Structure formats: C-alpha cells, structure tokens
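Novice: Test case, fold it:
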Amino acid sequence: MNYYNQIAQGYEELHKEEQLKKINLIKNNIKTNKNDLLLDVGCGTGITTKFWNCEKIGIDPAIKLLKRDSGAVFINGEAESLPFKDKSFDIVISITAIQNFNDIEKGLREIKRVGKDKFILSALKKSPKIKKISLLINKIFKPKEIIEEDKDLIFIT
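Specialist: Okay, here's the model as predicted:
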C-alpha cells in the first residue's frame with residue numbers, strides 16, 4: 001500500500017474520471033435505496049463510495065488515500081480481515097481493487113461473509129491476476145452478469 005500512500009495527493013487527478021465512468025455504468029445495473037447499507041472495499045479516496053444514495057462505509061489499507069475525503073465513514077483496514085459481523089451490508093462493492101489484495105481468495109470470502117446478496121466487483125482486465133480473480137468470483141459469487149468495460153471486468157450478483 002506504500003504506492004497508494006505515495007500517490008495519494010494526485011490520486012483523484014489520475015483516476016477520478018475512469019472511476020466515475022465505472023460507477024455510472026454500475027448504477028444502471030443496481031439500485032439502492034436510502035435505507036441500504038453499502039460497504040466499499042478498497043475505497044481509496046471515496047470516489048466510488050460517495051455517489052450512492054444510501055448509508056455507506058469505505059475501507060482501505062492506504063491511510064493517506066482515506067485522508068483525502070471527508071464525505072463518508074472511512075476505516076483503515078484490509079479486505080482479508082473485514083471488521084464487521086456476518087451479513088452486515090445490503091450491498092458490497094469493490095471497484096478496481098481486487099487485484100491489489102494480498103490474498104485474493106481470502107479477501108473475496110470476507111466480502112461474501114459481510115454482504116447479504118448484492119455484490120459489485122471489478123478488476124483490471126490487464127492484471128496478470130485477472131484469470132484467477134475471474135475464476136474465484138465465479139466460484140464464490142456466481143455473478144448474474146459480467147460487463148466488460150474499457151479497463152475492467154465488472155461482476156454483478
């Protein structure tokens with residue numbers, strides 16, 4: 001996570017436009033209501049967190065990214081050990097973060113554990129880990145739809 005702490009100052013300049021494009025695409029495929037509780041795993045600065053019309057929490061291991069935003073509840077932590085009870089969240093998202101997990105399978109199983117039944121997961125298509133990620137997501141979540149976006153594969157359950 002040292003890399004993301006180092007680029008924290010310019011993170012949104014580098015990634016905001018592409019992340020917002022993904023969120024707009026995802027919003028066409030899943031609806032939230034104001035009573036839903038959403039968890040964003042690998043939330044970074046909160047770009048992918050703040051645009052949902054519901055209660056939201058973001059978690060990320062890069063503390064300097066978390067300090068760049070003040071619009072939601074953000075927690076410093078890792079996907080592999082989420083500090084929440086089973087089935088705590090109506091919706092769990094992880095946008096372009098999975099390829100950065102230290103233990104991909106453990107992180108995905110934790111996401112599944114804390115979520116109820118709506119999951120949006122994406123990973124970089126160019127990642128050398130994309131085949132492993134795709135296999136694990138299909139095994140653990142059994143997505144209803146897979147969207148191939150410019151840079152990501154987006155899995156919707």
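Novice: got the CA positions of the longest strand along the chain in PDB?
Specialist: Assignment by DSSP state E gives strand 115-124 as the longest strand of the chain. Extracted in PDB, the C-alpha atoms of strand 115-124 (Å, rounded to 0.1, in the frame of the first residue of the first chain):
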ATOM      1  CA  GLY A 115     -22.600  -9.000   2.500                       C
ATOM      2  CA  LYS A 116     -26.200 -10.100   2.100                       C
ATOM      3  CA  ASP A 117     -26.900 -10.700  -1.600                       C
ATOM      4  CA  LYS A 118     -25.800  -7.700  -3.700                       C
ATOM      5  CA  PHE A 119     -22.200  -7.500  -4.800                       C
ATOM      6  CA  ILE A 120     -20.400  -5.500  -7.400                       C
ATOM      7  CA  LEU A 121     -16.800  -6.500  -8.000                       C
ATOM      8  CA  SER A 122     -14.400  -5.300 -10.600                       C
ATOM      9  CA  ALA A 123     -10.800  -5.900 -11.500                       C
ATOM     10  CA  LEU A 124      -8.400  -4.700 -14.100                       C
END
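Novice: How about residues contacting that strand?
Specialist: Residues outside strand 115-124 that contact it (CB atoms under 8 Å, 6 or more residues apart in numbering) are 22, 26, 29-30, 39, 87-96, 98-99, 108, 111-112, 129-130, 133-134, 137, 141, 143, 149, 151-157. C-beta here means a position set from N, CA and C on the backbone, and glycine is covered the same way.
Novice: Show me what counts as buried in it.
Specialist: 115, 118, 119, 120, 121, 122, 123, 124 (16 or more other CB atoms under 10 Å).
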